[in-house]
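In: predicted coordinates and the sequence they were generated for:
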Protein chains: 2
Amino acid sequence: MTHKDRQRERFEQQCREQGMKLTPQRLIIYDALIDADEHPTVDMIYARVRQTFPTISLDTVHRTLVTFCEMGVASMVEGTGSPKRFEGNLELHHHARCVQCGKIVDFYHQDYDNLTAPPDIQQEFSILKKTVHIEGICSTCRQIQQQDSSCS
Amino acid sequence: MTHKDRQRERFEQQCREQGMKLTPQRLIIYDALIDADEHPTVDMIYARVRQTFPTISLDTVHRTLVTFCEMGVASMVEGTGSPKRFEGNLELHHHARCVQCGKIVDFYHQDYDNLTAPPDIQQEFSILKKTVHIEGICSTCRQIQQQDSSCS
DNA sequence: TTGTTTGCAAATACTTTGCATATGC
DNA sequence: GCATATGCAAAGTATTTGCAAACAA
């Protein structure tokens, strides 16, 4: 049994646990996603999946991928599809982002400022910047969550 | 002279060096950007700038901000406005991204897997993930650049 | 004066929404 | 059978492009 078979099995199990239906669309989209090694866009997955499932809609691919992220079986890399955001702060700093509300907090941390990149990356890239990205849930969103759960 | 005054002066100098014209729009957009501490979107900058410069167009704000990024006086934080991209790789890994072609390479590096977040961030966020993002120019894009410059 | 920049308008790309139909459980 | 998921179409949002007029150097 290959690593991908195991991944697929875990996926099916997680669907059942979370009460998500195991539709052929979901299975085939999941397969396409874990077979891809290039961080695909919706369109890329759509193109691939249509070869074996020509009637699938772009829309379903899009919604299914977002669902996967919400389930925690996939994740989004930049970009997130949301509008561009800018910053004028050129000093070396790092980011903490709230996955709930999208707020990004800058922070400074000496320990992170001199990380060494692995040799293969140093060879492949002319490195311009190394930053640490922290993802989490901010205190404001945490409070909202607690209120919600206490109301139910 | 404040820190922001110095930043503004450096900006004007860089414009002159790079042959960029110092238009009132650029100056006011730059000011709005460095005054903002919330990683603003195009719309946010537009709204702010219009208060003192009502005839400015959203379009100019957008193009100017992108120009700033190209000049290196500003940068883009996620999202980048580009379409969503997904990955099914759930193992702890890190990303190296080419700023030229947008390619994202996954890599594994033990040294990065157990970074400690600074106390204030630990307090503000329930941390879910800590990853290192490396930005640079990949070998393919580097070759293209060299070809371009040798043709001129 | 000259080439860059701006503002406008239209076009495009991507995502989201609403709803009827289909389907997994 | 029932709730969820899908496919379609339309609407919404963000970004990009082309071009004439305005402007910094």
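Out: Nice, I can see it.

In: alpha carbons only for contacts and neighbour counts from here, please
Out: OK.

In: which one's the longest strand in chain A?
Out: With DSSP state E applied, the strand covering the greatest number of residues in chain A is identified as strand A:125-138.

In: can you tell if that strand touches chain B?
Out: Yes - in terms of Cα under 8 Å from any Cα of the partner chain, part of strand A:125-138 sits within range of chain B, namely A:125-138.

In: repeat for stretch A:53-60
Out: No - looking at stretch A:53-60 against chain B by Cα under 8 Å from any Cα, there are no contacts, and the closest approach is 13.4 Å.

In: now do the buried residues in that stretch.
Out: By 16 or more other Cα atoms under 10 Å in any protein chain shown, the buried positions in stretch A:53-60 come out as A:Leu58.

In: do it and DNA strand D meet at all?
Out: Yes - judged by Cα under 7 Å from any atom of the strand, stretch A:53-60 comes into contact with DNA strand D through A:55-57, A:59-60.

In: returning to what we had before: how far is the longest strand of chain A from where the chain is centred?
Out: Relative to the chain's own centre, strand A:125-138 is displaced by 15 Å; criterion: Cα atoms, centre = their mean, to the nearest Å.

In: how about stretch A:70-78?
Out: Chain-centre distance of stretch A:70-78: 3 Å, with Cα atoms, centre = their mean.

In: quick one: mean pLDDT for it?
Out: In this model, stretch A:70-78 has a mean pLDDT of 90.

In: can I get the CA coordinates of it in PDB?
Out: Listed in PDB are the C-alpha atoms of stretch A:70-78, where the atom choice follows Å, rounded to 0.1, in the frame of the first residue of the first chain:
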ATOM      1  CA  GLU A  70     -12.300  23.700   5.900                       C
ATOM      2  CA  MET A  71     -12.200  20.000   6.700                       C
ATOM      3  CA  GLY A  72      -8.500  20.300   7.200                       C
ATOM      4  CA  VAL A  73      -7.500  17.800   4.500                       C
ATOM      5  CA  ALA A  74      -6.000  20.500   2.200                       C
ATOM      6  CA  SER A  75      -4.700  24.000   2.600                       C
ATOM      7  CA  MET A  76      -4.400  27.100   0.600                       C
ATOM      8  CA  VAL A  77      -1.100  28.600  -0.300                       C
ATOM      9  CA  GLU A  78      -0.700  32.200  -1.400                       C
END
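
In: does chain B sit close to it?
Out: Yes - counting by Cα under 8 Å from any Cα, contacts between stretch A:70-78 and chain B involve A:73-78.

In: now do stretch A:1-16
Out: No - in this structure, stretch A:1-16 remains apart from chain B according to Cα under 8 Å from any Cα; the gap is never smaller than 9.5 Å.

In: would you mark the buried spots in that stretch?
Out: Per 16+ other Cα under 10 Å, stretch A:1-16 contains these buried residues: A:7-8, A:11-12, A:15.

In: so which of those residues are in helices?
Out: When DSSP state H is applied, these are split such that A:7-8, A:11-12, A:15 fall in helices.

In: what does the longest strand of chain A contact?
Out: Around strand A:125-138, the neighbours that count as contacts under Cα atoms under 8 Å, 6 or more residues apart in numbering or on different chains are A:92-100, A:112-113, A:115, B:98, B:124-139.

In: show me just the buried residues among the residues you listed.
Out: The neighbour-count criterion (16+ other Cα under 10 Å) marks A:93-98, A:112, B:98, B:124-127, B:130-138 among those as buried.

In: domain ranges for chain A?
Out: A:1-89, A:91-152 (automatic domain parsing).

In: between the ones you listed, which gets nearest to DNA strand C?
Out: Within the domains of chain A, the stretch nearest DNA strand C is domain A:1-89; the backing value is 3.6 Å (Cα to the nearest atom of the strand).

In: is there contact, residue-wise, from the helix or strand harbouring A:Asp31 to chain B?
Out: For A:Asp31, the element it lies in under DSSP states H and E is helix A:24-35. Yes - using Cα under 8 Å from any Cα, helix A:24-35 comes into contact with chain B via A:30, A:33-34.

In: follow-up on the earlier one: between the longest strand of chain A and strand B:125-138, how many degrees?
Out: 160 degrees (axes from the mean of the first three to the mean of the last three Cα atoms, to 10 degrees).
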